[in-house]
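Undergrad: Sharing a model prediction with you, sequence too.
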Amino acid sequence: MGGSVGASLRSRPCDLSLAHASRLLAWFDRERRDLPWRRARDPYRIWVSEVMLQQTQVATVIPYYGRFVGAFPTVRALARAPLDEVLRCWAGLGYYSRARNLHRAARVVVAEHGGRLPETFAALRALPGLGDYTAGAIASIAFDERVPCVDGNAVRVLARVACLTGDVHAGRARQRLMRLAHTAVPPERPGDYNQALMELGALICRPLDPACNACCLGDLCEARRRGKQQSVPLPRRRPPTQTVRVAAGIVWRRGRLLLAQRPLEGRWGGLWEFPNAELPPEGTAAATLTRLLAEAFGLRAEVGEKVGALVHGIMHRRIELTAYECRAVSGRTQAGTHAAAKWVRPEELGEHALPAPHRKLARRLQSRGD
DNA sequence: AAACCGGGGCT
DNA sequence: AGCCCAGGTTT
């Protein structure tokens, strides 16, 4: 292993000076935002907050966090709850596998660790749903272990301070970054240090317009010295966007709507949705929905007017969802490939965890006054 | 409305 | 190293 002689002569990953950690900590002590999960050092609450903060911004997380720890104040309470209830509490946050993993791990913690979170990085990392980031966050913040936790904010700060010009998301530059991240964590206050790094990335060392003049690391930052803040780190390369056309049926029968629960595994696992299917390139919505309702749900239905259309973007995918009002005229309801199917009153929609695009759809239907 | 930013976990 | 999961903010 290791690079060629040439590579090792060329440039070693420059370790960050010790000064950077104390600067960062001093800045954090002054500027840290007062966030609900920073008020206690309960490992469980830190865990919940870290999972919610994956792929979701602080402002969005705050109200959900309060409701969630209100409903499930301890690991045991979470483990006791049925998954459905947990998903309902998560509804709207997106990326529901996070909630499923959290719930699954809570049950493991109760079964194998007596209801208390294990206190080392290695033991945390072994729990389902906890990867390097989350295990590092809990280990350092709740248990003072000297391990890094590297989110996108931390990547940006480290890459800029050390001016890592390669692709920090892959290959050698990635390894270098992670090595740097490990050595950079100070033995004192590792948890605060990690939070400071991420906080600096979020507030100061922003992707597009870093506030270098206000940065506590300004005079240590190699990218700034070289005027390369804009090009370091290299943006992640993205696959081209794919458009998917989906038709959904708002199916009525005796004043109730048909809702189907997705299989527990996989995309939007366990969530409830309006029956829907991807439109084949040449297919019409009416034909697609008629066949779907017949074959998957055992219903003969008439497809009526278009009652809504929206676009939902997810990563590099663009879902164009069109909804049609349908009337079920006969048949005995089956779940098909879904986990379940049921008829609900419109006002009961809110009690179900729906995928984001279907939530949008449901909101529109209700505001329309149906 | 388009462009852009967000990454963890698993195998 | 590559695959899967499946949202929000900015401009």
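TA: Looks like it came in fine.

Undergrad: how many neighbours does whichever residue of the stretch 251-370 of chain A sits closest to DNA strand B have?
TA: Nearest to DNA strand B, among the residues of the stretch 251-370 of chain A, is residue A:315, at 4.3 Å (C-beta to the nearest atom of the strand). In short, each C-beta sits where N, CA and C put it, glycine included. When neighbours are counted by other C-beta atoms under 10 Å, residue A:315 registers 9.

Undergrad: sec struct for whichever residue of the stretch 51-200 of chain A sits closest to DNA strand C, please.
TA: Nearest to DNA strand C, among the residues of the stretch 51-200 of chain A, is residue A:94, at 2.2 Å (C-beta to the nearest atom of the strand). Using DSSP: H, G, I helix; E, B strand; the rest coil, the structure places residue A:94 in coil.

Undergrad: Let me see the ranges of the strands in the stretch 51-200 of chain A.
TA: Assigned by DSSP state E, counting those that start in this stretch, the stretch 51-200 of chain A shows no strands.

Undergrad: Mind checking the pLDDT average for the lengthiest helix in chain A?
TA: In chain A, assigned by DSSP state H, the helix with the most residues is helix A:97-113. Helix A:97-113 comes out with an average pLDDT of 93.

Undergrad: residues touching whichever residue of chain A sits closest to DNA strand B, list them.
TA: Relative to DNA strand B, the nearest point of chain A is residue A:152 (0.8 Å; C-beta to the nearest atom of the strand). Residues in contact with residue A:152 (C-beta atoms under 8 Å, 6 or more residues apart in numbering) are residue A:201.

Undergrad: give me the low-pLDDT residue ranges for the stretch 1-150 of chain A?
TA: A:1-15 (pLDDT under 70).

Undergrad: got the residues of chain A near DNA strand C?
TA: A:55-57, A:59-60, A:92-97, A:170-171, A:174, A:208-209, A:266-269, A:312-315, A:317, A:355-357 (C-beta under 7 Å from any atom of the strand).

Undergrad: if you set the cut-off to 6 Å instead, what comes out?
TA: A:57, A:60, A:92, A:94-97, A:170-171, A:208, A:266-269, A:313-315, A:317, A:355-356 (C-beta under 6 Å from any atom of the strand).

Undergrad: Next, name the residue at the spatial heart of chain A.
TA: Central residue of chain A (C-alpha atoms, centre = their mean): residue A:55, 3.6 Å from the mean position.

Undergrad: Quick check, that one in contact with residue A:94.
TA: Yes - Residue A:55 is within contact range of residue A:94, at 7.5 Å (criterion: C-beta atoms under 8 Å).

Undergrad: May I ask you to confirm that residue A:209 belongs to a helix?
TA: No - assigned with three-state DSSP, residue A:209 falls outside any helix and is coil.

Undergrad: Ramachandran coordinates for it?
TA: Backbone torsions for residue A:209, taken as degrees, to the nearest 10, come to phi -130, psi 70.

Undergrad: Chain A - how does it break down into domains?
TA: A:3-225, A:242-369 (automatic domain parsing).

Undergrad: Residue A:232: which of these is closest?
TA: domain A:3-225 (4.5 Å; C-beta to C-beta).

Undergrad: Point out the residues in the stretch 101-250 of chain A that sit beside DNA strand B.
TA: Residues of the stretch 101-250 of chain A lying near DNA strand B by C-beta under 6 Å from any atom of the strand: A:128-134, A:151-153, A:155, A:207-208, A:235.
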